[in-house]
Every structure is written in C-alpha cells, then in structure tokens.
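I'll drop the sequence and a predicted model, then ask my questions.
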Amino acid sequence: MNVVLGENLAKYRKKAGYSQEELADKLGVSRQAVSKWERGEASPDTENLIALSRLYGVTLDDLVNKEPSESETKTNEKKDDNRNYVHIGLDGIHVKDDEDEVHIDKCGIHINEGKEKIKKEFEKEFGGDKFYLAKKVSSSILYPLVIVTYLLLGFLLKNQNGWAIYWTLFFIPEIFNSIIDCVHFKRLKHFNIVFTCCFVYLFLGMLLGIWHPTWIIFIAIPVFYSAIWPIDYHIARKERDKKLNENVVDATIDIK
C-alpha cells in the first residue's frame, strides 16, 4: 500500500482541522475507511481522491506522491521547536501547541485557544449565525413556556395529579431542538429518538394508565438507528457528488 498517500491524508486532514469521523461524514464513508487510508492499509478510490484534493485545496499529485523534502522537514522541525513545548516542573505543567496553550499551576487551569480554532469550533457547534439564532430563540421561548405550562397545569389539575403527570413536558424542548439539528445538518441521526420514546411512554402511561403495551415504543430506538444510517449515508454521498460536479464545472469554465 502507498505509505506516502496515507501520511499525506493524515497530514492534510489534521491541517484542515477535521477529525476522522467528520471527514468520513463529509465523504459519505465510514470512519474505519478513513483510518485504513491513513494507515496505508487501503487506498481511496478516484472519486474520493478528487473530493479530498478539492476539500484540502491541493492537487492530486500533492496528495498522492509528494513527500516533504529534507529542507522542508528541517524547517518544520525548527518551527515546531520554537512554538511548541511541554514543560513539567515544580511550577506546574505548561503545554504550547501552535496557537493553543494550556497552563496548570497553583493558580488554576488556564486554556488559550487560537482564534481560528475557536471560530471553527463555533461553526461546527452552531453551524452559522442563522442556526445559532434558531437554537437561541428555541431555548429562550420553549423552556420558559414549558415551565409556565407545567405550573399552570399543576395548580389547575391538582386533584388529577397534574404535578405527577405533566413534568414530562420538559422533554419537549430537547426534542424540538433535535429537529432543528436534523433540518440544519440534513442528518436524521441528530433526532433525539430516545427522549421522544421516553416522553410518549411516560406521558401516556401516567395520563391514561396504558403502560402496557405502550412499552413497545422503545423498540423504535434500535429500529430508528438501523434505518437512518443508509439514509444519512445516501444524503452524504449525494452532497459529495454535487460538490464534485460543481468543481468540475468550475474547472471547465476556468479552462475556457
């Protein structure tokens, strides 16, 4: 197997800030496949190689064949020596890696992360300003609404065990937020099926007393996860193919 290719794939992935799982999700392959590529146990097919070169902004030749020259290696090592270090002593533990720093001493734990990394983590977590706004509005409105609803039902239906039944409404905000995640990330795996099944089972059981056969709803959890994997995989493949086609069109226009 091509060891150089594996090393290059690992190098460019880390440089782009992706984990193996994130890269696998973008390409529509398994994490194990990405791991095998980087260990040199297998090689990506032509489509995945093109997708990787586009994703990292390098040529196929750089990705497949290029090895760092001796001078580049020495230069990189010198740079790493200057900006990266690990110090463990009586004054504490101090670690610096590129733009990130961690200092543990008698004053506490101090973590400084580079601006670019913070920006990437923010975008990864919230997916952009509009998505962040939707989550913020959802949390700001739903949670207070559920609290008020629970208190009202508890006082109004005191003789009907309102306090004991309607606490299950606190499942709803998390379920609704998971639906927002599904729409934004276009992946069904973000839907909180566990919370949904617990809510339905507990609510119907305490409200109507039908604990049996309502328990059968929990079978939906393994069925759901078994069914969504091929669907999410198909969506990821279509997104990858669409990006590849767009890149091919752009390249054709540039040539003309």
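Thanks, I have the structure now.

Run a quick neighbour tally on the nearest residue to Val29 once chain neighbours are set aside.
In this structure, Val29 finds its nearest non-sequential neighbour in Asn48, 7.0 Å apart by CB to CB, 6 or more residues apart in numbering. C-beta coordinates here come from the backbone N, C-alpha and C atoms, glycine included. Asn48: 19 surrounding residues under other CB atoms under 10 Å.

Going by secondary structure, Asn48 is in what exactly?
helix 46-56 (DSSP states H and E).

Run the chain-centre distance for that helix.
20 Å (CA atoms, centre = their mean, to the nearest Å).

Grab the CA positions of that helix and hand them over as PDB.
Output of helix 46-56 as PDB, limited to C-alpha atoms (Å, rounded to 0.1, in the frame of the first residue of the first chain):
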ATOM      1  CA  THR A  46     -10.700   8.000  -7.700                       C
ATOM      2  CA  GLU A  47     -13.900   9.900  -6.700                       C
ATOM      3  CA  ASN A  48     -12.800  10.100  -3.000                       C
ATOM      4  CA  LEU A  49      -9.300  11.200  -4.000                       C
ATOM      5  CA  ILE A  50     -10.700  14.100  -6.100                       C
ATOM      6  CA  ALA A  51     -13.100  15.000  -3.300                       C
ATOM      7  CA  LEU A  52     -10.200  15.100  -0.800                       C
ATOM      8  CA  SER A  53      -8.000  17.200  -3.100                       C
ATOM      9  CA  ARG A  54     -10.800  19.700  -3.500                       C
ATOM     10  CA  LEU A  55     -11.500  19.700   0.200                       C
ATOM     11  CA  TYR A  56      -7.900  20.400   1.100                       C
END
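
That one: which residues count as buried?
Asn48, Leu49, Ile50, Ala51, Leu52, Ser53, Arg54, Leu55, Tyr56 (16 or more other CB atoms under 10 Å).

who does the one helix or strand Lys136 maps to touch, helix- and strand-wise?
Taking DSSP H and E as the criterion, Lys136 maps to helix 129-156. With contacts taken as 3 or more CB pairs under 8 Å, 6 or more residues apart in numbering; DSSP states H and E, helix 129-156 sits against helix 162-165, helix 172-185.

Measure how it sits relative to helix 172-185, angle-wise.
160 degrees (axes from the mean of the first three to the mean of the last three CA atoms, to 10 degrees).

ok now helix 129-156, how far from the chain's centre?
Centroid separation for helix 129-156 versus its chain: 25 Å, with CA atoms, centre = their mean.
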